[in-house]
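A.B. asks: sequence below, structure please.
(2 chains)
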Amino acid sequence: QKEVEQNSGPLSVPEGAIASLNCTYSDRGSQSFFWYRQYSGKSPELIMSIYSNGDKEDGRFTAQLNKASQYVSLLIRDSQPSDSATYLCAVFLYSGAGSYQLTFGKGTKLSVIP
Amino acid sequence: DTGVTQSPTHLIKTRGQQVTLRCSPISGHKSVSWYQQVLGQGPQFIFQYYEKEERGRGNFPDRFSARQFPNYSSELNVNALLLGDSALYLCASSLGQGGSPLHFGNGTRLTVT
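C.D. replies: Numbers count the residues shown, from 1 in each chain, chains lettered A, B, ... in the order given. Okay, the predicted model is just below:
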């Protein structure tokens, strides 16, 4: 079973702290990895993409990828109450016949406490 | 640029009825994917269409069908609705068939009573 696993949380952090969100995936051949943010009642919004091992920074967000460990993470520095949302990890997993499906984890709910 | 547009926003149907959801991708995007999201879960893949051909299908019954038109817009049809079909239906578009990030529309909230 091809899967993307996330800790569902909730994860609570104080305002200004670093929030760390983690994700593991089952397909060793996966090459494309994404983090989406979803506010309650809204649709997912792409916030980060990463394709190579290592870190990728964009503002307060850093995505980290370790293909050998099949692990991808998202760090949010200086967390703000507006960061309170569900964060979805998404990975392209091979589905056969040359096709890949973007497969989502269940999401981690983050609450930033003022 | 206009993002992915979906219609309708909300829909209430009765068990056994049929529903059609519509999606227009971002201009220049040739791939459209459909996802179902129930409360507390991540989006579940239903279909992907690229250049008007089905390129992927998730683990959904044959009551679910879709198509893509020459202008790359897409429709998702669900027949013989069940209570369990109540969910947020998300359409996403991307430039290519695989590897490119998906950009989601605002979704259609379907309630089956």
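
A.B. asks: what sits against the residue nearest to A:Thr108 when sequence neighbours are not counted?
C.D. replies: Take A:Thr108 and drop its neighbours on the chain: the residue closest to it by Cβ to Cβ, 6 or more residues apart in numbering or on different chains is A:Gly9, 4.5 Å away. Heads up, the C-betas are built off the backbone N, CA and C, glycines and all. By Cβ atoms under 8 Å, 6 or more residues apart in numbering or on different chains, the contact list for A:Gly9 reads A:Thr108, A:Lys109, A:Leu110.

A.B. asks: which residues does the worst-scoring helix or strand of chain B on mean pLDDT contact?
C.D. replies: When the helices and strands of chain B are scored by mean pLDDT, DSSP states H and E, strand B:53-57 comes last with a mean of 91. With Cβ under 8 Å, 6+ apart as the test, strand B:53-57 has contacts from A:95, A:99-101, B:31, B:33, B:45-49, B:66, B:68, B:97.

A.B. asks: buried ones in it?
C.D. replies: For strand B:53-57, burial by neighbour count (16 or more other Cβ atoms under 10 Å in any protein chain shown) applies to B:Arg55, B:Gly56, B:Arg57.

A.B. asks: possible to save these as JSON lines with distance to A:Gly29?
C.D. replies: As requested, the buried residues of strand B:53-57 are exported to JSON lines (distance: Cβ to Cβ, whole Å):
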{"residue": "B:Arg55", "distance to A:Gly29": "18"}
{"residue": "B:Gly56", "distance to A:Gly29": "16"}
{"residue": "B:Arg57", "distance to A:Gly29": "20"}
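
A.B. asks: my guess is A:Asn7 meets A:Thr24, correct?
C.D. replies: No. Using Cβ atoms under 8 Å, A:Asn7 is not in contact with A:Thr24, being 9.9 Å away.

A.B. asks: the two - which one has more neighbours?
C.D. replies: More neighbours surround A:Thr24 than the other of A:Asn7 and A:Thr24, with 18 against 15 (other Cβ atoms under 10 Å in any protein chain shown).

A.B. asks: isn't that one right up against A:Asn66?
C.D. replies: No. Using Cβ under 8 Å, A:Thr24 makes no contact with A:Asn66, being 9.9 Å away.

A.B. asks: what touches both of those two?
C.D. replies: Shared contacts of A:Thr24 and A:Asn66, defined by Cβ under 8 Å, 6+ apart, are found at A:Val72.
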